[in-house]
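**Student:** Would you be able to build a 3D model of this:
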Amino acid sequence: MTELSTTALAADAKTIGAAAATAGEGMVDREVLAEVVTLCAVAGEHLLVVGPPGTAKSAAVRQVAARLGGRYFEYLLGRFTEPNELFGPVDLRRLREGRVEYETAGMLPEAEIAFLDEVFLGSTAVLNTLLGLLNERVFRRGATALPSPLRVCVGAANHLPEDPALAAFADRFLARLFVEPVPDARLEELLEAGRRPASAPPAPADLLGAVDRLAAAARACDLADVTPLLAAALRRLRGAGVPVSDRRAVRSQRLVAAAAVLDGRTTASARDLWVLPLIAPTADTHALARDTLADLVEKSANASLVHAAEELSRGALARAERLARTAAALLAEHGTAPAARDDRLRLEATLREIDAGFDPADLPAPLAGIRAGLAAAVRLS
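**Tutor:** Numbering: from 1, shown residues only. Next up is the predicted model:
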C-alpha cells in the first residue's frame with residue numbers, strides 16, 4: 001500500500017472510531033456494544049447481543065446507525081410476525097401479471113444496517129428467508145432475487161435459544177456479546193444520564209463510504225504473520241471446551257482483519273487477537289475464552305475501538321490506549337482555563353486511574369506524555 005493510501009486508511013479508521021465513540025456517549029456502560037457493532041460492520045459479519053430487557057441494546061445500535069448513516073431497519077419479531085412485515089408486501093401489479101414479486105422499498109432487504117429484536121421468535125418462514133439474506137446478502141422470495149446492501153445485522157435476544165432447530169440460524173451471527181444491567185457502582189452515573197434532557201438527533205451522517213473502504217482493506221489485509229498465533233489460540237479455545245466450528249474458525253479471520261484496519265494497519269498482528277472471545281457462543285464460554293487467551297491477548301489494543309479492546313483483552317496496553325484517549329479528550333475540552341468542579345473531578349479520576357494502574361516511571365507509550373498534561377490541568381484547577 002502506498003504512503004498516501006496508508007494515510008487515507010488511517011484517516012478512515014480515525015473517522016469511524018470517532019463515530020463509534022460518539023455513539024457510545026450518553027449511554028452508561030454501552031461503549032463496548034457500540035464499538036463491536038462498528039467492528040462487525042467493517043468485518044461484514046453479524047452480531048448477536050444477548051441480555052435482559054431494558055439494557056439499551058436497541059438504543060446502542062440505533063446510535064451507531066445514526067452516526068454511520070445509510071438506510072436503517074429495525075423490527076421487534078414475535079411468533080405471529082408475517083414475512084411481509086420484514087421483507088415487504090407482494091407487488092400487486094406484478095401479481096396481476098402472474099408473477100409473485102415483492103415491494104422491498106424501506107424494508108429489510110434494502111437496509112444497510114439492521115436491528116432485529118427477539119430475533120429467535122420469528123416463524124419458520126421468516127427465519128428461513130433471513131437465513132439466506134444474512135448468509136448470502138441476497139433476498140430471495142417468490143420470483144424476487146435482490147442483492148442486499150446489508151453491512152451488518154444485529155440480532156438481540158433475552159437469552160439464547162434452547163431449540164436445536166435454531167442452531168443453524170444462530171450460527172449466522174459470528175460475533176456474540178453478552179450484556180448485563182449497569183453495575184451498582186455506576187448507578188449514580190446511570191441516574192444522572194437518565195435525568196438529562198433528550199439530545200437533538202445527530203445531523204445526518206454519510207460514513208458508509210469510509211466503512212466500505214475499511215471493509216475492502218480488511219478483505220485485502222495480510223494475515224500471514226498472525227496465522228500461527230491465531231491457530232494456536234483456536235486450538236487453545238477448543239482444548240478448553242469452547243466450541244469453535246470450522247466455519248467460525250475461518251470467519252474469525254474477518255474480525256481480526258477488521259480490527260487491524262480499524263487500528264490503521266494493513267497487516268494483522270497479535271495486537272488484533274482481542275476479538276477472539278466474540279466467537280464464543282455462550283456467556284460462560286465467552287468468559288472462559290477471555291481467561292484462556294489472557295496471555296496471548298495481553299498486548300492487544302486498538303486505537304479506534306479502545307473500550308472493546310480493553311474489555312475483551314483485559315490487557316494493560318488496551319487500558320493505556322483507552323486512558324490516553326479519555327485524557328486527550330478531557331484536556332482538549334479543558335483548555336487553559338480553570339476547570340469547573342465536575343470537570344476537575346473527571347481530570348482527577350483519570351489521573352488516579354493512570355497512577356493506580358501503571359508505574360509513573362514506566363508508563364506505556366500512549367500515556368507517556370499525557371499524564372503530565374493531566375497533572376498540570378489538575379494543579380491549574
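
**Student:** Can I get the one helix or strand residue 187 maps to as CSV, trimmed to CA atoms?
**Tutor:** Using DSSP states H and E, residue 187 falls within helix 187-195. Only the C-alpha atoms of helix 187-195 are listed here, as CSV (Å, rounded to 0.1, in the frame of the first residue of the first chain):
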residue,chain,number,x,y,z
LEU,A,187,-25.9,3.6,39.3
GLU,A,188,-25.4,7.3,40.1
GLU,A,189,-24.0,7.8,36.7
LEU,A,190,-27.0,6.0,35.1
LEU,A,191,-29.5,8.1,37.1
GLU,A,192,-27.7,11.3,36.1
ALA,A,193,-27.8,10.2,32.5
GLY,A,194,-31.5,9.4,32.7
ARG,A,195,-32.2,12.9,34.0
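
**Student:** outside of the helix or strand following it, which residues touch it?
**Tutor:** Under the assignment DSSP H and E, the closest C-terminal helix or strand after helix 187-195 is helix 208-219. Around helix 208-219, the neighbours that count as contacts under CB atoms under 8 Å, 6 or more residues apart in numbering are 8-9, 12-13, 15-16, 41-44, 68-70, 112, 151, 254, 257-258, 260-262, 266. The way it works is simple: take the backbone N, C-alpha and C, and place the C-beta from them, glycine included.

**Student:** Mind checking which of those residues are in helices?
**Tutor:** Residues from the contacts of helix 208-219 lying in helices, with DSSP state H as the criterion: 8-9, 12-13, 15-16, 41-43, 68, 254, 257-258, 260-262.

**Student:** Filter those residues down to just the buried residues.
**Tutor:** 9, 12-13, 15-16, 41-43, 68, 254, 257-258, 260-262 (16 or more other CB atoms under 10 Å).

**Student:** buried set for the helix or strand hosting residue 318?
**Tutor:** Using DSSP H and E, residue 318 falls within helix 316-334. For helix 316-334, a neighbour-count test (16+ other CB under 10 Å) marks 317-327, 330-331, 334 as buried.

**Student:** Quick one: list the elements packing against it.
**Tutor:** Helix 316-334 sits against helix 306-313, helix 341-357, helix 365-368, helix 370-380, with contacts defined as 3 or more CB pairs under 8 Å, 6 or more residues apart in numbering; DSSP states H and E.

**Student:** quick one: low-confidence parts of the stretch 151-300 of the chain?
**Tutor:** Applying pLDDT under 70 to the stretch 151-300 of the chain picks out residues 198-204.

**Student:** For the closest residue to residue 260 other than its chain neighbours, which residues are in contact?
**Tutor:** In this structure, residue 260 finds its nearest non-sequential neighbour in residue 268, 4.1 Å apart by CB to CB, 6 or more residues apart in numbering. Counting by CB under 8 Å, 6+ apart, residue 268 makes contact with 221, 222, 223, 225, 226, 256, 257, 259, 260.

**Student:** try 10 Å
**Tutor:** Contacts for residue 268 (CB atoms under 10 Å, 6 or more residues apart in numbering) come out as 218, 221-227, 229-230, 253, 256-261.

**Student:** Please apply the same query to residue 149.
**Tutor:** Residues counted as contacts of residue 149 (CB under 10 Å, 6+ apart) are 70, 71, 109, 110, 111, 112, 113, 137, 208, 212.

**Student:** and the second one, what is it in contact with?
**Tutor:** Residues in contact with residue 71, defined by CB under 10 Å, 6+ apart, are 65, 105-108, 110-114, 149-150, 208.
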